[in-house]
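Chemist: Pasting the sequence and the predicted coordinates here, then a few questions.
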Amino acid sequence: MDLFLLALAPGLAICFFIYYQDKHDPEPKRLLIMSFLLGVLSIIPAILATKGIKYLFNIDHTNDAPDLDQLYYAFMAVALSEELSKFLVLRWFAYPKKEFDEPFDGITYSVMVSMGFATIENCLYLYHGQDLTTGIHRMFTAVPGHASFAVVMGYYVGMSKFSHKNYPQWIGLFGAVLLHGLYDACLFLKHYPVMVIIAVLIVAISVFYSLKAIKLHQENSPFNKDSI
């Protein structure tokens, strides 16, 4: 039970944090819950795509695999598969909704989808025999990482819908894949001890800039009376 709660707590805590950051025009709870649940389901195509890419490109992901294979696995098989799966939920479920009516909503829905994904991923890790230490490590690294990558994606998806400038949605997807891939690559190259430190720094920097992106969308919200 303790491990199960540990798997659930980080993602749910971040969901509540993001919900209360949406100060000017909060989203309907039913859509947020649906986004979270679709994020849970999005792990299925992500897993299938990861396995497919690994097979098609003959990528070795054993502990003694060549560094180049580890990089291919990090960026192509994992980061691209997972972030694209989450992006498609955001784009085809949340984006067309009439309730998606300000740029900040891109961040809100993106994080909800991502936390659904990260939560079920946590449960799968612990189900397959990972211990309390793994759960704690993921609480402070992998889950905040997923959230910050989602903020990057959601920031640009929100901008693409409402800005008078041309913000291609793929910029958000590319940014999320790049950060996710860098983070995973550092962990897969753990035989270089410095890489673990770099992975933590990537998450820390991503979280820092995510908080700045959240603040920027808050200030520029069309529902923010102080900005009128």
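Modeler: Received, thanks.
Chemist: By mean pLDDT, point me to the weakest helix or strand of this structure.
Modeler: Counting by mean pLDDT, DSSP states H and E, the chain has its least confident helix or strand at helix 132-140, which shows a mean of 82.
Chemist: Check which helices and strands the next helix or strand after that one sits against.
Modeler: Heading C-terminal from helix 132-140, the first helix or strand you meet, by DSSP states H and E, is helix 142-162. The helices and strands touching helix 142-162, judged by 3 or more C-beta pairs under 8 Å, 6 or more residues apart in numbering; DSSP states H and E, are helix 2-21, helix 81-89, helix 104-127, helix 169-188, helix 193-219. In short, each C-beta sits where N, CA and C put it, glycine included.
Chemist: Buried residues, the longest one. List them.
Modeler: When neighbours are counted by 16 or more other C-beta atoms under 10 Å, the buried residues of helix 193-219 are found to be A199, V200, I202, V203, S206, S210, A213, I214, H217, Q218.
Chemist: any idea which of these is closest to G106?
Modeler: Nearest to G106 out of these is H217 (C-beta to C-beta; 8.0 Å).
Chemist: neighbours of the nearest residue to V203 once chain neighbours are set aside, just the number please.
Modeler: Excluding its sequence neighbours, the residue lying closest to V203 (C-beta to C-beta, 6 or more residues apart in numbering) is G145, at 4.6 Å. Residue crowding around G145 was assessed by other C-beta atoms under 10 Å; the count is 24.
Chemist: picking that back up, same list (the buried residues of helix 193-219) but as JSON lines, adding pLDDT and distance to M112.
Modeler: Supplementary listing: the buried residues of helix 193-219 in JSON lines, determined by pLDDT from 0 to 100; distance: C-beta to C-beta, whole Å:
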{"residue": "A199", "pLDDT": "95", "distance to M112": "25"}
{"residue": "V200", "pLDDT": "94", "distance to M112": "25"}
{"residue": "I202", "pLDDT": "96", "distance to M112": "23"}
{"residue": "V203", "pLDDT": "96", "distance to M112": "20"}
{"residue": "S206", "pLDDT": "96", "distance to M112": "18"}
{"residue": "S210", "pLDDT": "97", "distance to M112": "15"}
{"residue": "A213", "pLDDT": "95", "distance to M112": "16"}
{"residue": "I214", "pLDDT": "96", "distance to M112": "14"}
{"residue": "H217", "pLDDT": "92", "distance to M112": "15"}
{"residue": "Q218", "pLDDT": "92", "distance to M112": "17"}
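Chemist: Spit out the contact partners of F93.
Modeler: Residues counted as contacts of F93 (C-beta atoms under 8 Å, 6 or more residues apart in numbering) are M34, S35, L38, Y109.
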